[in-house]
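Peer 1: Here's my sequence, what's the structure:
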Amino acid sequence: MAMRPRRPDTTQPCGELHSSSHLILVFYPQATGIAIGEDCLLFSFTKSYQVYYNTSMFRPRNRIYIIDRKSRMPLPQYYYSTPFVVYHHVNAYEVDGHIVFDVIAHNDNRMYEMFYMANLRNWDSDGSTISCLSQCRRYVIPLHMDKDASIGSDLVRLLSTQVSAILEECGRVFCIPEVLGEGIELPRINYNYNGKDYSYIYADGFAAKIIKLNVKTKEMLQWQEEFTYPSEPVFVPAPNSQCEDDGVLLVSIISMLPDTLPFLLVLDASTLTEKARAYVRGSKLHMDIHGVFLASDVCARCKKAEEDEHAQKEECDLDVPGKMGKVTSEEAEAHGDQNKEM
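Peer 2: Below is the predicted model:
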């Protein structure tokens, strides 16, 4: 059945992923508005924000738009799923006429509700006042619809996944995910595999853990140390690495014990065994959320760019009246010869 492409409803909040040839927009039933007083979030420094989760505010479903990056037009199929909220996306890639994308999904708004000031003031020591359980979910979007497909049939033809995409009346496609793991957030991967078929996610576990999730086997490894809070793990590939998990994880760690120094933890990304730790003395280290690793060659390029910018500024100064720039010995000698001739 031929369908007319629909443009996304830009009034509804959405998240965005990229595959090699397509842009994936997932619209969520969540909105953020300005609030005043006690009922506000801890996150904001200049304004207070209130987050609303309401499936009746927009639609009781998540609408998924697939946009062709070359034509910049959405595909005509109507893809949707049950409602959920995503704060962090993992990866997306294309294989055999399908888009595969992984997200960390929440069924409701409790992730944000945990950080309202009123809830933080009444927080139980075990965190039972408000709890949330995230899921690492995989969705598969079939790019080509068989014209002979019957209503109720599964359009996903990949044997490596348990995801379904059910054809409904009027050409709608209902996407049913596969749960790869639970209880993780702040996902990172080896970004050499960004937009490609991959195997491993590194993330924070909700019980103050570092998690390695194998998305193919659903096996989990974990690192945990009593009285510590780890940040988001940052994967750094080994030089000339031969496999996806050949590298280390860098994790900023703070302790609940007042006399214990914070430290940078280095884990073997393959086994999650500790390789080293570097304590931070003489400075306070606060718990962070996101991190980045800059390789030495990146730092060298940044330094060279600064030097080039400085040199260019000096050249500009030579053309400004009243400013003295650097003069080479050859220029000074030529200037002296001109004075002798005069």
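Peer 1: Could you find the closest non-adjacent residue to Glu219?
Peer 2: Leu213 (7.7 Å; CB to CB, 6 or more residues apart in numbering). Every residue, glycine included, has its C-beta placed from N, CA and C.
Peer 1: ok but the one you found is inside a strand, no?
Peer 2: Yes - per DSSP: H, G, I helix; E, B strand; the rest coil, Leu213 lies within a strand segment.
Peer 1: In the sheet, which residues pair with it? Tell me.
Peer 2: Ile201, Met220 (DSSP bridges).
Peer 1: ok now do Ile176, which residues does it touch?
Peer 2: Ser81, Val163, Ser164, Ala165, Ile166 (CB atoms under 8 Å, 6 or more residues apart in numbering).
Peer 1: Tell me, how many residues neighbour the third one?
Peer 2: When neighbours are defined as other CB atoms under 10 Å, Ser164 has 17 of them.
Peer 1: still on that earlier bit, got TSV for the contacts of Ile176, with distance to Glu225 too?
Peer 2: Shown next, in TSV, are those (distance: CB to CB, whole Å):
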residue	distance to Glu225
Ser81	37
Val163	36
Ser164	40
Ala165	42
Ile166	45
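Peer 1: Just the buried residues of those.
Peer 2: Neighbour counting by 16 or more other CB atoms under 10 Å classes Ser81, Val163, Ser164, Ala165 among the contacts of Ile176 as buried.
Peer 1: Looking at these, which are in helices?
Peer 2: Residues of the buried ones among the contacts of Ile176 located in helices (DSSP state H): none.
Peer 1: name the helices or strands packed onto the helix or strand hosting Val248?
Peer 2: Using DSSP states H and E, the element containing Val248 is strand 247-255. For strand 247-255, the packing partners by 3 or more CB pairs under 8 Å, 6 or more residues apart in numbering; DSSP states H and E come out as strand 228-230, strand 234-237, strand 263-268.
Peer 1: Show me the least confident stretch of the ones you listed, going by mean pLDDT.
Peer 2: Across the helices and strands packed on strand 247-255, strand 228-230 has the smallest mean pLDDT, namely a mean of 89.
Peer 1: quick one: contacts of it?
Peer 2: Residues contacting strand 228-230 (CB under 8 Å, 6+ apart): 204, 208-210, 223, 251-256, 265, 287.
Peer 1: Return the residues in contact with Val248.
Peer 2: With CB under 8 Å, 6+ apart, Val248 has these contacts: Phe235, Val236, Ala238, Val266, Leu267, Asp268, Ala269, Lys275.
Peer 1: gap between Val156 and Val95?
Peer 2: 11 Å (CB to CB, to the nearest Å).
Peer 1: Phe27 and Asn62 touch, don't they?
Peer 2: Yes - counting by CB atoms under 8 Å, Asn62 is a contact partner of Phe27 at 6.1 Å.
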